[in-house]
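sequence first, then the predicted structure, then my questions.
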Amino acid sequence: WALSRQKLLILASVFVTKKQLHAPSHGDLRENGAPCGMKYRDMETLRRAVLPDDAQLLLLHVALSSPERAANAWKQWNQRVDLDDADLATFRLLPTVYSALVSKGLSELATPRVKGIYRFWWVRQQQLFAALRESAQLLHAHEIPILLMKGVPLAHTIYADDSAYGSPAARAMEDADLCVPLAQLPRAIELLQTLNWRAKYPEYAGCSLRHEITLQRPPRCELDVQRYPIEACRWNAFNEQIFARALPFEWQNLPLLMPSHEDHLVIICAHGMRHSESISAHWVVDAVQLLRFCAAKNLDFNWSRVVQTARETELRAPLCDALTFLRAEFEIEVPETVLRELQKPQNWVFRQEYRAKLRPYNAANAFWLHAGLYARLKNARQPISPRQYVRRYWDIDGPLELSRVLRRHRRSRRAQIQKNVPGA
């Protein structure tokens with residue numbers, strides 16, 4: 001263990017690399033034929049790799065633009081894309097697109113197949129809501145506060161509002177995201193296990209610096225119990241601030257919580273501006289409708305709070321890129337002063353971390369992801385040594401256990417490849 005901090009982080013990142021086990025997937029080729037694994041040379045190319053492509057932009061304009069532009073975009077998309085060849089991100093957007101066509105008086109343009117996809121996601125949603133309701137009732141009975149994020153609260157507040165689509169079914173969901181106070185997390189997991197929830201990756205359940213614990217339960221229900229509402233900020237003091245600013249959210253006659261609109265925007269944009277094998281464009285709809293909802297309801301949206309949160313979390317660069325894209329493409333009103341504050345230079349470690357998030361995962365990028373997280377912990381005055389960091393992130397007690405980490409990661413990666421790649 002007598003290693004320098006830099007060598008220790010490099011060693012740890014190498015042992016969890018996915019590079020050797022990477023297999024082709026549907027998200028490995030962009031529309032222009034450029035592979036995701038290419039070496040990007042400039043930030044503009046990196047940003048384009050994670051932002052919606054031209055086909056997805058057409059669907060987003062169907063969901064978010066005026067009826068005239070939505071009708072033209074829908075016709076262009078049908079001429080350009082065969083539904084049989086649509087990727088998963090497009091499949092997730094179609095319920096929102098169908099709801100948008102209906103709410104804009106263009107229901108005659110929606111094919112029966114698109115309506116069938118909408119019904120498929122509605123059924124999945126009802127299964128998820130039934131499982132989540134039972135789980136939330138149990139946690140509430142034991143006086144554990146529940147903070148719901150993204151899909152469920154947005155569907156029942158913003159998507160269900162008449163200013164948007166008028167129905168929660170417009171938001172496709174494969175899982176539910178919730179957060180409980182860190183001190184009550186072990187008790188919450190024990191209670192959820194009594195309802196037949198099981199960890200998807202049990203080997204990582206004891207890693208206290210991991211962002212979330214993913215639970216599964218039949219039929220095809222998934223629950224992401226997050227230790228930290230914002231992935232980049234993994235310390236308890238910031239969690240307490242998020243809970244203190246949270247808004248009351250009543251769902252299924254249960255008094256729950258949801259993040260403040262300002263915190264929710266940061267969560268949505270930070271989650272969207274990163275590389276993924278199947279790029280999801282839902283974050284665009286979530287962010288645009290969130291800001292439009294606040295404007296329609298004359299709510300005082302505090303942009304200063306957004307800037308302050310981005311500064312505290314060192315997420316200024318991804319938030320700036322996301323808001324710049326939304327303003328240019330969907331005419332969202334973002335104050336110039338906000339963008340100027342977000343454009344201020346960051347520490348070089350966080351700049352490299354952001355570049356790593358925009359690239360496909362490999363050993364070199366893993367180093368910068370861990371370096372950024374470690375730097376945030378130090379900036380937040382969290383006393384943690386490199387040895388403690390490795391122990392808390394991978395749940396190991398000594399260097400001899402690194403081989404165990406490698407083996408269990410390879411097993412998980414092989415299982416994921418066999419599940420997601422046809423013919424694997």
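Alright, I've got the coordinates.

C-alpha from now on. contacts and neighbour counts both.
Noted.

identify the residues contacting I230.
I267 (Cα atoms under 8 Å, 6 or more residues apart in numbering).

what about the chain, any weak spots by pLDDT?
The chain contains residues with pLDDT under 70 at 1-43, 277-279, 398-400, 402-404, 406, 408-424.

okay, which residue is most central for it?
H271 (3.9 Å; Cα atoms, centre = their mean).

who touches that residue in this structure?
The contact partners of H271, by Cα under 8 Å, 6+ apart, come to W283.

that one: which element?
Secondary structure from DSSP states H and E places H271 in helix 261-272.

buried ones in that helix?
261-272 (16 or more other Cα atoms under 10 Å).

equivalent analysis for stretch 157-171, please.
So stretch 157-171, judged by 16+ other Cα under 10 Å, has buried residues 157-161, 164-171.

tell me the one among those nearest to W303.
I158 (19.1 Å; Cα to Cα).

correct me, but the closest one touches A287?
No: using Cα atoms under 8 Å, I158 is not in contact with A287, being 10.3 Å away.

before we move on, back to that, dump the buried residues of helix 261-272 into CSV; add distance to P386 as well.
Formatted as CSV, the buried residues of helix 261-272 follow (distance: Cα to Cα, whole Å):
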residue, distance to P386
H261, 35
E262, 33
D263, 30
H264, 31
L265, 32
V266, 28
I267, 27
I268, 30
C269, 30
A270, 26
H271, 26
G272, 29
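
from the residues you listed, which is closest to D85?
Among the buried residues of helix 261-272, and counting by Cα to Cα, the member closest to D85 is G272, at 23.3 Å.

for that closest one, which residues are in contact?
50, 280-281, 283-284.

for I242, same thing?
229, 259-260, 263.

quick check: closest non-adjacent residue to P67.
K104 (5.7 Å; Cα to Cα, 6 or more residues apart in numbering).

on that earlier part again, by neighbour count, which of the contacts of I242 wins?
Of all the contacts of I242, the highest neighbour tally under other Cα atoms under 10 Å goes to P229, namely 26 neighbours.

just checking, it is part of a helix?
No: per DSSP: H, G, I helix; E, B strand; the rest coil, P229 lies outside any helix segment and is coil.

so what does P259 look like in phi/psi?
Per-residue torsions, P259: phi -60, psi 150 (degrees, to the nearest 10).

how close does it get to A176?
14 Å (Cα to Cα, to the nearest Å).

check R210 too.
In this view, R210 and A176 are 18 Å apart by Cα to Cα.

those two: which is more packed in?
For R210 versus A176, neighbours defined as other Cα under 10 Å are more numerous around A176 (22 against 18).

bridged to the more buried one, which residues?
L223 (DSSP bridges).

please report the distance of it from C221.
9 Å.

what touches both of the two?
L128.

could you say what helices and strands the helix or strand hosting L291 packs with?
Here L291, judged by DSSP H and E, is contained in helix 282-296. Applying 3 or more Cα pairs under 8 Å, 6 or more residues apart in numbering; DSSP states H and E, one finds that helix 282-296 contacts helix 54-64, helix 261-272, helix 316-330.

elements contacting the longest one?
Read that as helix 316-330. In terms of contacts (3+ Cα pairs under 8 Å, 6+ apart), helix 316-330 is packed against helix 261-272, helix 282-296, helix 303-313, helix 336-342, helix 348-358.

angle of that helix against helix 54-64?
Relative orientation of helix 316-330 and helix 54-64, computed by axes from the mean of the first three to the mean of the last three Cα atoms, to 10 degrees: 70 degrees.
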